[in-house]
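Trainee: Sharing a sequence plus its predicted fold:
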Amino acid sequence: MCELSNSLRRIFAMMLRHYFVLRGSWPRLIELAYWPTMQMVIWGFMTKFLATNSSWVAQAFGVLLAGVLLWDTLFRGQIGFALSFLEEMWARNLGNLFVSPLRPYEHLISMMVMSMIRTLIGVLPAAFLAILFYHYSIFSLGLPLVAFFFNLMMLSWGVGMVVIALILRFGLGAENAAWFVIFLIAPVSAVYYPVEVLPTWLQYVSWSLPSTYVFEGMRSILFTGQFSTSLFFGALGLNVAYLAVGAAIYFYAFHRARERGALLQVGE
Amino acid sequence: MPDSIIEVRNLTKRFGTVTAVDGISFSVARGSTVALLGGNGAGKTTTISMLLGLLLPSEGEVKVLGCDMQRHRRGALSRLNFSSPYVDLPHRLTVAENLKVYGMLYGLADLAGRIEALAADLHLRDLLQRPVGRLSAGQKTRVALAKALLNRPEVLLLDEPTASLDPDTADWVRSYLETYRRANGAAILLASHNMGEVERLCDQVLMMRRGRIVDRGTPGELLTRFGRQNLEEVFLDIARERRMPATPYPHAAPTSTTEESIECASSPIRCGASSQ
């Protein structure tokens, strides 16, 4: 019990560290919401256009807007996770952190929570503006939206762990990976179109990604009003596997960083 | 040594084909201050990194406060601390915010009181609300020291603790470290290029060159052994391999240094001016 409360205190300390950064930087807060809002505005107009020119979009007005907002959830989640780590590298603070009683898994948990907070700061304004501008509310998805959100966050953490493992291995020269790695899965995640659009062999790849189950699940609700539990559990099962693999890669990279002395040397 | 708070046995670190630290052994007793001296690249920072558990040794063993720092360092981490020019505190956070975050990581009971006391001790009160990134180099050094003392460590590892400080502030920091050690019975291991600092603060000196400890002793013993007036001259003798101690340290690791020195002593013509 005592160890648990100590652990929670250290996780909270790390969250406080990032809160202090965000609190003191309005441009950062605005930047968090800027891109999701821009995406939403562009895809909102696209939706209005297609709603009158495409029977598919006309059947479910919000299919593109829901896609863009959920994709941004995944993207912002991953980048928010990686940014928390990059902040420590830019500040040359990793040495201080890992000589303190902070444990690597506590550090990971704090980054997960921070990524969730950053994502909500980024995506919620866009979601509310979509109601204002286009009379479309993603909240109309109801409770399944929570399931989609957590599944996408889990995937973002798994990918984020691989990204920071790469940065630990290759240093800040690999920091751009934080911005582009997630886009590798964008074409095959069926964000804006159904999986059947993809060539057959690529559909196998697509179904190996938790994100595909989320976006197919989203379309299932929008077109049929049905929440597919099989798609939900498919995403959840794959996410558990992705998280386990991501964590294994991260801890291996951390161990290698201790062998190479990278924890004391990284920085700008 | 039963009162050893740091025990290092045959510690070796290789990076590929380069041996940065080569089989060193030493121990540090509770309540003592030990200096690691050596030129750039001698292996001081690598040694300190291994003592902290940030760097895994290739061979050998490090125990701090009885904990194997390679495998079970958790038990020691809340009881030790460090400062190094190779790490920084987050620049966007104020001094107070940084100390608060680290105080929570170390689980301090009266955090506000501890920050207040350290701010008073280290003359940081006027800096508490300033972002670390806007401090001068000397101010940052004092803040780093405050972070290093936050948890009242029993073991303090300091890499260049008075670098960037003006002579007055540096002198004051040395006094503070002496007082801290006496009051808390802490062990301090410091790497420094300031020989005056080492003579003043340290009970023992470990002289490193090319990853090896080539000599050791109290500052007085080293001065006597090398027949010099101050540690800077001893340092130069060792760094430039130009003179052997009048009485070699019996337990120093066999190194090329001692072999060359003996060679120079036996054949001064071949060694020429280097053995002056």
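Mentor: That came through fine.
Trainee: What residues does chain B have near chain A?
Mentor: Neighbours of chain A within chain B, by Cβ under 8 Å from any Cβ of the partner chain: B:15, B:45-46, B:49, B:52-56, B:74, B:77-78, B:80-82, B:84, B:86-94, B:97, B:100-102, B:104-107, B:131, B:147. (C-beta placed from N, C-alpha, C; glycine too.)
Trainee: Are any of those residues buried, and if so which?
Mentor: By neighbour count, with 16 or more other Cβ atoms under 10 Å in any protein chain shown, the residues of chain B next to chain A hold B:45-46, B:49, B:52-56, B:77-78, B:80-82, B:84, B:86-94, B:97, B:100-102, B:104-107, B:131, B:147 as buried.
Trainee: how about the residue nearest in space to the middle of chain B, phi and psi?
Mentor: Geometric centre of chain B, nearest residue: B:L190, 1.9 Å, by Cα atoms, centre = their mean. The phi/psi pair for B:L190 (degrees, to the nearest 10) reads phi -130, psi 140.
Trainee: and if you look at the one 3 residues further on?
Mentor: Here is the backbone geometry of B:H193 (degrees, to the nearest 10): phi -110, psi 0.
Trainee: tell me the contacts of it?
Mentor: By Cβ atoms under 8 Å, 6 or more residues apart in numbering or on different chains, B:H193 lies in contact with B:37, B:160.
Trainee: before we move on, what about A:Q78?
Mentor: A:115, A:155-157, A:159-160, A:163, A:178, A:181-182.
Trainee: what helix or strand does the residue lying closest to B:C202 once chain neighbours are set aside sit in?
Mentor: Computed as Cβ to Cβ, 6 or more residues apart in numbering or on different chains, the closest residue to B:C202 that is not its neighbour in sequence is B:A35, at 4.2 Å. Using DSSP states H and E, B:A35 falls within strand B:33-37.
Trainee: now do B:K13
Mentor: Assigned by DSSP H and E, B:K13 falls in strand B:4-15.
Trainee: Give me the helices and strands touching that strand, please.
Mentor: strand B:18-29, helix B:44-52, strand B:59-64, strand B:187-191 (3 or more Cβ pairs under 8 Å, 6 or more residues apart in numbering or on different chains; DSSP states H and E).
Trainee: Where do the helices of the stretch 51-200 of chain A begin and end?
Mentor: A:55-59, A:63-90, A:94-97, A:104-134, A:144-170, A:177-180, A:200-206 (DSSP state H, counting those that start in this stretch).
Trainee: Dump those helices into TSV; add mean pLDDT and distance to B:I115 as well.
Mentor: Shown next, in TSV, are the helices of the stretch 51-200 of chain A (pLDDT from 0 to 100; distance: least, Cβ to Cβ, whole Å):
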stretch	mean pLDDT	distance to B:I115
helix A:55-59	72	58
helix A:63-90	93	22
helix A:94-97	94	16
helix A:104-134	95	21
helix A:144-170	95	31
helix A:177-180	88	33
helix A:200-206	96	53
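Trainee: okay if I get those helices as TSV plus distance to A:F227?
Mentor: Output for those, formatted as TSV (distance: least, Cβ to Cβ, whole Å):
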stretch	distance to A:F227
helix A:55-59	18
helix A:63-90	14
helix A:94-97	41
helix A:104-134	19
helix A:144-170	5
helix A:177-180	33
helix A:200-206	20
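Trainee: one step back: can you name the two of the contacts of A:Q78 that are farthest apart?
Mentor: Checking those against each other with Cβ to Cβ, the farthest-apart pair comes out as A:L155 and A:A178, at 15.2 Å.
Trainee: Looking at the two, which one has more neighbours?
Mentor: A:L155 (28 against 22; other Cβ atoms under 10 Å in any protein chain shown).
Trainee: any idea which element the closest residue to the residue nearest to the centre of chain B other than its chain neighbours lies in?
Mentor: Take B:L190 and drop its neighbours on the chain: the residue closest to it by Cβ to Cβ, 6+ apart is B:L158, 4.2 Å away. Assessed by DSSP H and E, B:L158 sits inside strand B:155-159.
Trainee: Can you give the strand pairings for that strand, parallel or anti for each?
Mentor: Here strand B:155-159 has these sheet partners by DSSP bridges: strand B:80-83 (parallel), strand B:187-191 (parallel).
Trainee: Would you mind listing what in the stretch 51-200 of chain A touches chain B?
Mentor: Residues of the stretch 51-200 of chain A that fall close to chain B, judged by Cβ under 8 Å from any Cβ: A:87-88, A:91-103.
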